[in-house]
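Asker: Need coordinates for the following:
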Amino acid sequence: MNVLPDVSESVAKPTPASEGAEIDEKHAANFADDHKGLDLADVVEAAQELTLEDAKRHVLSDSGRGGSSRCSHISCCIIIHDAIEGRQTDPNFDQGLLKRCNEALNAEALSHDVARALVEEIKLEAALMDDSPYVEVRAAVSNVSLLSSAVALHDLNFSRAQTDDPDMYINTFRAWFIGLIFTIIGTGVNIFFSARNPGITLNTFCSQVIAFPVGKAMERWLPTKSVRLFGKQWSLNPGPFNQKEHMLITIMANVTFGGAVGVYATDIVYVQRLPQFFNQDAVGGNAGYQILLTLSTQMIGFALAGFSRRFLVYPPSVLNRSFHHEKNTVANGWSISRLRFFLYVFLGYGFYFVFPDCIMQFLTYFNWMTWIAPNNKMLAIITGSQTGLGLNPISAFDWSYLTALSSPLITPLFASMNMYAGMIIIGLGMIPAIYFTNTWYTGYLLINSNHIFDNTGARYNVSRIINSDFTLNVAAYESYSQVYQSAGNAVVFFAFFAVYTATLMHIILYFRVEVVNGFRAVFQRKNARDAYNDVHNRLMRKYKEVPEWWFFAVFVVSLVFGIVANEHYHTEMPVWVVPVGIIEAITNIQITMNVLAEVIGGYTLSNRPLAVMIFKTYGYISTAQAIGYVADMKVVFSAQLIASILASFVGLGVADWQIKNISGICTSGNVDDFTCPGYNTFFNSAVQWGAVGPQRLYSEGQIYYPLVYGFLVGAVLPIPIYFLTRRYPNSYWKYLNMPAFLSGALNWSPYNLSYILPCIPIAYYFQDKLAWWTKYNYILSSGLTSAISIFGVIWFFAILYKNYEPVWWGNTVSFAGCDGNGCPWFDMPEKGCFGPAPACPE
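Answerer: Here you go, the predicted model:
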């Protein structure tokens with residue numbers, strides 16, 4: 001039955017009318033008058049059958065045609081009821097509006113004026129939700145100007161430009177030139193400073209912001225003449241720099257250096273070549289091996305993205321379109337333009353950064369509590385920023401330090417609070433308990449280190465247990481020492497195990513319908529884009545997608561490269577394991593895979609550390625790369641492919657230069673802070689899961705077997721949260737996302753609370769002012785990050801690389817005493833070692 005002229009004929013199953021909503025015959029008659037051709041029986045059924053999507057389309061179509069924004073009492077009640085039904089536990093829905101709607105519907109009498117006012121808010125929320133349910137996304141990817149709540153709905157232009165010009169030029173010389181130059185600079189900067197602690201990282205937002213003035217400058221100064229290149233006529237300056245060119249540059253940046261992993265295969269290069277790790281420069285330093293392995297892992301991720309299009313949600317555009325709108329609106333009293341604001345932030349922080357980076361390093365590691373009593377063990381363990389737990393609310397005056405884990409400006413507040421809470425509650429609940437009870441002999445070690453140790457408390461010397469063919473020497477291992485890890489590192493592995501099962505259970509409980517629909521689309525060979533009707537996917541349907549055989553060709557070439565690299569250079573990884581790693585990646589496409597890949601590789605490739613490292617790269621890194629790729633148009637395919645290949649060579653070149661030219665790189669005493677926390681973790685994992693193997697550490701009866709119960713804990717925890725959310729939909733339980741909560745504990749070892757505690761008030765403060773936040777937030781974040789990246793390179797080569805930094809109290813105080821040097825809680829036994837070994841190693 002066609003209930004309303006403007007709604008879908010497919011109606012929901014009748015549901016009870018909302019409690020407290022008085023739907024009398026007078027209001028029903030008014031509703032019927034508003035919609036000619038309906039009788040009273042139809043109106044009563046409409047009150048039960050009208051869905052949120054129907055109501056949204058109905059009210060938006062009325063407003064879009066210039067119709068009245070007024071509604072009768074009964075239609076208001078229907079819209080209010082259905083707008084909040086199914087969204088009681090949605091943390092992304094406007095919680096203030098949700099509360100007012102519930103209060104109104106539960107009131108004894110709902111006045112016409114109150115109902116109509118609520119519907120005005122619901123209409124506005126529906127329009128915004130059509131862009132994205134996340135206010136953070138709407139701020140960056142805006143198709144409609146965000147208005148304050150005081151703006152009346154009839155002033156909102158719903159005939160806004162949800163349109164796209166398919167003829168707008170994108171494949172231009174300047175887009176490719178800027179994109180490739182940014183790929184070289186961004187990849188080089190990120191690889192170079194990934195070894196530093198705290199690291200310096202250029203992200204996608206930086207490339208967006210910097211690309212705009214560069215593009216506008218080329219628009220102004222480049223000649224309009226055409227040149228012929230690669231068989232194509234190129235116009236050096238086809239006209240105004242547009243948002244599609246801007247997007248192409250952003251995509252090239254995102255898949256090479258702006259995403260989550262970048263050129264991750266360089267980790268293998270560092271760990272293989274450096275003497276304090278595996279010291280295998282003969283193979284690791286071979287250019288052919290490096291190129292084949294890196295291109296194989298990068299391109300396989302690209303192919304996986306194409307294969308997965310039918311069941312992956314198509315991501316909306318990541319471009320901040322605000323630069324391409326000329327109007328400069330006032331936001332909370334601020335009228336400065338975005339570009340001028342970026343320039344001030346970029347230059348101001350860039351010149352300030354010389355102080356925490358070179359001249360006054362205590363501004364970065366502001367462990368002021370330990371200065372009171374530098375040799376006090378307990379004080380250093382609890383509050384220390386270097387080797388302690390970091391319980392320090394004022395821990396840094398350096399943006400690179402505060403964003404080492406996540407940016408409080410970029411990460412949504414809801415996700416940030418889950419992550420912060422998980423790190424604080426799990427870390428402070430488990431790490432001190434393990435440490436001070438000397439569980440697993442952790443009291444003889446540093447409380448929060450990502451290094452692995454022998455039974456004398458020294459760093460584990462893996463060269464003593466590895467044969468010349470890069471396999472484990474079991475006799476040497478048994479005569480040397482078992483592998484030991486810190487309390488913080490043990491909690492990290494427990495959290496990793498818990499995250500995997502928690503994520504699986506969370507998906508089953510909250511998103512089982514979406515998962516079923518996704519796999520149904522696979523079997524029916526449908527496009528995932530057809531299942532999503534948001535404005536971004538509607539616009540993108542105009543473009544033809546890349547043929548799947550293109551991705552298959554990339555996949556085959558990548559597979560061949562991987563097999564050649566492993567067979568020719570004798571990595572001890574069998575040929576059949578390469579596709580196994582890829583399959584393992586495909587089946588876990590959205591879950592952080594590094595530890596799970598190590599577990600599978602450790603049991604499959606026992607006692608072969610290099611093989612496990614490479615298996616992890618195929619099983620995890622290829623997946624992470626795939627998530628970052630977008631495969632919509634042929635020009636985008638080409639841009640991503642070429643940029644990724646270029647980034648691979650840039651990354652390998654930077655890694656080679658660092659290994660040869662930076663003295664003491666990846667050592668704890670490096671004077672330029674190139675202590676390599678990420679590479680140390682990668683190496684330690686290779687030793688635990690590859691050389692020694694999980695059988696000797698995590699299987700039943702072994703020392704770290706209790707950590708495996710993390711799988712059980714992770715599977716159980718989401719269940720009570722789910723039912724508490726269902727039982728109390730308006731409570732704070734709806735905001736607790738258990739996988740995000742558990743993932744907070746993954747940030748321990750070597751990081752600590754000093755990296756996140758100052759971020760909490762920053763996240764609250766800036767996200768509380770919606771108008772200012774919408775206009776300037778991403779500009780502020782990009783300005784700070786860009787300043788650190790660009791000026792960090794300048795200060796490094798001008799001051800640090802030449803050892804020009806001053807030697808004085810402000811540069812040494814943070815690294816002195818027990819926090820800087822590390823003081824285990826328990827003294828070493830008189831025999832000089834701990835643990836079950838009958839004798840201490842020589």
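
Asker: alpha carbons only for contacts and neighbour counts from here, please
Answerer: OK.

Asker: Distance-wise, check the nearest residue to F815 once chain neighbours are set aside relative to Q386.
Answerer: Distances taken as C-alpha to C-alpha, 6 or more residues apart in numbering put N821 closest to F815, at 7.0 Å, once the chain neighbours are dropped. With distances taken as C-alpha to C-alpha, to the nearest Å, N821 is found 8 Å from Q386.

Asker: which residues do those two both contact?
Answerer: By the contact definition C-alpha atoms under 8 Å, 6 or more residues apart in numbering, N821 and Q386 are jointly contacted by F815.

Asker: Neighbour count: these two, which is higher?
Answerer: Q386 (25 against 15; other C-alpha atoms under 10 Å).

Asker: Surely the more buried one and G817 touch.
Answerer: No - here Q386 does not reach G817: they are 10.5 Å apart, not a contact under C-alpha atoms under 8 Å.

Asker: shared neighbours of these two, anything?
Answerer: Joint contacts of Q386 and G817 (C-alpha under 8 Å, 6+ apart) do not exist.

Asker: so who does M369 touch?
Answerer: Taking C-alpha under 8 Å, 6+ apart, one finds 379, 383-384, 392 in contact with M369.

Asker: From L229, how far out is the residue lying closest to K216 once chain neighbours are set aside?
Answerer: Residue nearest to K216 in three dimensions, not counting chain neighbours: F241, with 5.9 Å by C-alpha to C-alpha, 6+ apart. As judged by C-alpha to C-alpha, F241 and L229 stand 21 Å apart.

Asker: now V650
Answerer: On the measure of C-alpha to C-alpha, V650 and L229 end up 24 Å apart.

Asker: Pull the number of nearby residues for P547.
Answerer: Neighbours of P547 using other C-alpha under 10 Å come to 13.

Asker: Can you list phi and psi of it for me?
Answerer: Main-chain torsions, P547, degrees, to the nearest 10: phi -60, psi 140.

Asker: Got the confidence number for it?
Answerer: For P547, the model assigns a pLDDT of 75.

Asker: now do the one 5 residues further on
Answerer: F552 carries a pLDDT score of 83 in this model.

Asker: contacting residues around the nearest residue to it once chain neighbours are set aside?
Answerer: Counting by C-alpha to C-alpha, 6+ apart, F552 lies nearest to A303, which is 6.6 Å off, once chain neighbours are set aside. Residues near A303 by C-alpha under 8 Å, 6+ apart: 551-552, 554-555, 626.

Asker: repeat for N190
Answerer: N190 makes contact with 200-202, 257 under the criterion C-alpha under 8 Å, 6+ apart.

Asker: Over to it. Which of the three states is it?
Answerer: Following DSSP: H, G, I helix; E, B strand; the rest coil, we place N190 in the helix state.

Asker: What of the one 5 residues further on?
Answerer: The three-state label given to A195 by three-state DSSP is coil.

Asker: measure it to F353 for me?
Answerer: A195 is 19 Å from F353, where distance means C-alpha to C-alpha.

Asker: before we move on, what about G179?
Answerer: Remark: distance between G179 and F353 (C-alpha to C-alpha) = 27 Å.

Asker: Dump the C-alpha coordinates for stretch 403-421 into PDB.
Answerer: Taking C-alpha atoms only, stretch 403-421 is exported to PDB below (Å, rounded to 0.1, in the frame of the first residue of the first chain):
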ATOM      1  CA  THR A 403      50.900  13.300  18.800                       C
ATOM      2  CA  ALA A 404      53.300  10.300  18.900                       C
ATOM      3  CA  LEU A 405      50.300   8.000  19.500                       C
ATOM      4  CA  SER A 406      47.400   9.900  18.100                       C
ATOM      5  CA  SER A 407      46.400  13.500  17.500                       C
ATOM      6  CA  PRO A 408      43.800  14.900  19.900                       C
ATOM      7  CA  LEU A 409      42.700  17.300  17.100                       C
ATOM      8  CA  ILE A 410      42.200  14.700  14.400                       C
ATOM      9  CA  THR A 411      40.900  11.600  16.200                       C
ATOM     10  CA  PRO A 412      37.200  11.800  17.100                       C
ATOM     11  CA  LEU A 413      36.600  12.500  20.800                       C
ATOM     12  CA  PHE A 414      34.500   9.300  21.200                       C
ATOM     13  CA  ALA A 415      37.400   7.200  19.900                       C
ATOM     14  CA  SER A 416      40.100   9.100  21.800                       C
ATOM     15  CA  MET A 417      38.400   8.700  25.100                       C
ATOM     16  CA  ASN A 418      38.000   4.900  24.600                       C
ATOM     17  CA  MET A 419      41.700   4.700  23.700                       C
ATOM     18  CA  TYR A 420      42.800   6.900  26.600                       C
ATOM     19  CA  ALA A 421      40.600   5.000  29.100                       C
END
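
Asker: Can you show me the strands along the stretch 101-250 of the chain?
Answerer: Here the stretch 101-250 of the chain has its strands, by DSSP state E, counting those that start in this stretch, at 226-229, 232-235.

Asker: how about CSV for the ones you listed, with mean neighbour count, mean pLDDT and distance to I434 added?
Answerer: Output for the strands of the stretch 101-250 of the chain, formatted as CSV (neighbours: other C-alpha atoms under 10 Å; pLDDT from 0 to 100; distance: least, C-alpha to C-alpha, whole Å):
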stretch, mean neighbour count, mean pLDDT, distance to I434
strand 226-229, 11, 78, 64
strand 232-235, 14, 77, 65
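
Asker: what's next to the helix or strand hosting F494, contact-wise?
Answerer: Element membership for F494 (DSSP states H and E) is helix 487-510. Here helix 487-510 makes contact (C-alpha under 8 Å, 6+ apart) with 427, 430-432, 434-435, 442, 447-450, 591, 595-596, 707-719, 722, 738-739, 742-743, 745-750.
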